[in-house]
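**Q** What shape does this take:
(chains A, B, C, D, E and F)
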There are 6 protein chains.
Amino acid sequence: MPNSIRNELSGTVKSVKIGDIVSEVVIETPAGDVAAIVSSDSVKDLALSPGDKACALVKATNVSVCRCTCGGH
Amino acid sequence: MPNSIRNELSGTVKSVKIGDIVSEVVIETPAGDVAAIVSSDSVKDLALSPGDKACALVKATNVSVCRCTCGGH
Amino acid sequence: MPNSIRNELSGTVKSVKIGDIVSEVVIETPAGDVAAIVSSDSVKDLALSPGDKACALVKATNVSVCRCTCGGH
Amino acid sequence: MPNSIRNELSGTVKSVKIGDIVSEVVIETPAGDVAAIVSSDSVKDLALSPGDKACALVKATNVSVCRCTCGGH
Amino acid sequence: MPNSIRNELSGTVKSVKIGDIVSEVVIETPAGDVAAIVSSDSVKDLALSPGDKACALVKATNVSVCRCTCGGH
Amino acid sequence: MPNSIRNELSGTVKSVKIGDIVSEVVIETPAGDVAAIVSSDSVKDLALSPGDKACALVKATNVSVCRCTCGGH
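**A** Below you'll find the predicted structure:
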């Protein structure tokens, strides 16, 4: 369903760590790894595992910016 | 300073739209454009403009995931 | 696309206020009005207007709880 | 105390799952279940248990919206 | 009402800037100024103005940390 | 690196609780204790322990406000 979440970064699931309440999913994207911490129930419902195609979704109001002085480019 | 924010996506400032209270900065990254909505005072302090090297910073607890059925890969 | 966002509250768009950078969408749900502040570009892309069927999406890590002593039940 | 959090959804505690650092509280509201992930210390302080009257609190900047094409209405 | 929001920083309203959709409230606390961006409707409802006693409320999952190498202590 | 995160509260690490996926760091600041829930990997990378100088970082869009009627001032 079309939604208002501006940032959708496509990639491949690199790792899934299931925790008691929340779990960590790391998605490998062309811009580097993106770590998501989501509820464990959601991760089980999605049945995500390494190698699956997945997207990281981020609301624009939850993104900060920094001016880069590192060599990371 | 080393901090706990897990996701730091490097790229180049594509656009800056200054608003009355918040402003929108779009950073072009290898994984696509990332839109950030931050306070206008911050954007002025950082003096960001198109072409500058910048990073999008996102706390892992603010990232959701979806299983991709689109052709976006 | 199936995603990890746990809370999806269905309702009807009650009002849309377009701002310079962000906009406010109020969705009338059986649990009361839910106000969302999202980027104006997203609201224009979705072309939402009063009377449309819509859902409010909220990540579980962004929900706080309180014990109710009010008569609001 | 009067505060700026726009969304206060009244309901009844359906379940409480206590975790090592965070816990999950599900509140049954007229708009469906709302899942909250909050710190375990908070949940213990509030001493919430199933059947208690409770509200889900959500800041408007943390609500996204989608146009509904599902039959969920 | 007792709620799960762990961080409540007391202080005095230093400034209020009303915007079209969101507004900025700066609260002077013993730990320095804390800036909040909240919906303009909330700010008008609270009728906050400089000199008023107010608290900044922050959910623990929305706080990041950094190791300090600056002299800011 | 200069970034857009408006709120940086300096203090001293009071406690660190390591969890399976997320961990809790409490920082003692002049405005009271600030609790942060961040990914466990970040906490281990930062190697924070009680007595260390640290800052709590909070994006302005994640701060709510309340009018204080308590004696907390």
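**Q** what comes up buried for the longest strand anywhere in chain A?
**A** Secondary structure of chain A per DSSP state E: the longest strand is strand A:7-17. Across strand A:7-17, burial judged by 16 or more other Cβ atoms under 10 Å in any protein chain shown covers A:Asn7, A:Glu8, A:Leu9, A:Ser10, A:Gly11, A:Val13, A:Lys14, A:Val16, A:Lys17. C-betas here are computed from N, CA, C, even on glycine.
**Q** Does the next helix-or-strand element following that strand reach chain E?
**A** Downstream of strand A:7-17, the next assigned helix or strand under DSSP states H and E is strand A:22-29. No - judged by Cβ under 8 Å from any Cβ of the partner chain, strand A:22-29 and chain E are separated, with a smallest distance of 9.3 Å.
**Q** and strand A:22-29, which strands flank it?
**A** Strands adjacent to strand A:22-29 in the sheet, as given by DSSP bridges, are strand A:7-17 (antiparallel), strand A:32-39 (antiparallel).
**Q** export that strand as PDB, just CAs?
**A** Extracted in PDB, the C-alpha atoms of strand A:22-29 (Å, rounded to 0.1, in the frame of the first residue of the first chain):
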ATOM      1  CA  VAL A  22      13.100  -7.100  19.900                       C
ATOM      2  CA  SER A  23      15.300  -8.500  17.200                       C
ATOM      3  CA  GLU A  24      18.000  -7.100  15.000                       C
ATOM      4  CA  VAL A  25      17.900  -7.300  11.300                       C
ATOM      5  CA  VAL A  26      20.900  -6.100   9.300                       C
ATOM      6  CA  ILE A  27      20.300  -5.400   5.600                       C
ATOM      7  CA  GLU A  28      23.200  -5.000   3.200                       C
ATOM      8  CA  THR A  29      22.500  -2.100   0.900                       C
END
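**Q** Just give me how far it sits from the chain centre.
**A** Computed by Cα atoms, centre = their mean, to the nearest Å, the chain-centroid distance of strand A:22-29 equals 5 Å.
**Q** same deal with stretch A:21-29?
**A** Taking Cα atoms, centre = their mean, one finds stretch A:21-29 lying 6 Å from the centre of the chain it belongs to.
**Q** From the rest of the structure, what touches that stretch?
**A** Stretch A:21-29 has contacts (Cβ atoms under 8 Å, 6 or more residues apart in numbering or on different chains) with A:9-17, A:33-40, A:42-43, A:48, A:54-56, B:30-31, B:60, B:65, C:4, C:61, D:17, D:19-20, D:22-24, D:37, F:21-22, F:39, F:41.
**Q** taking the mean pLDDT, what do you get for it?
**A** Averaged across stretch A:21-29, pLDDT comes to 98.
**Q** Lovely, talk soon.
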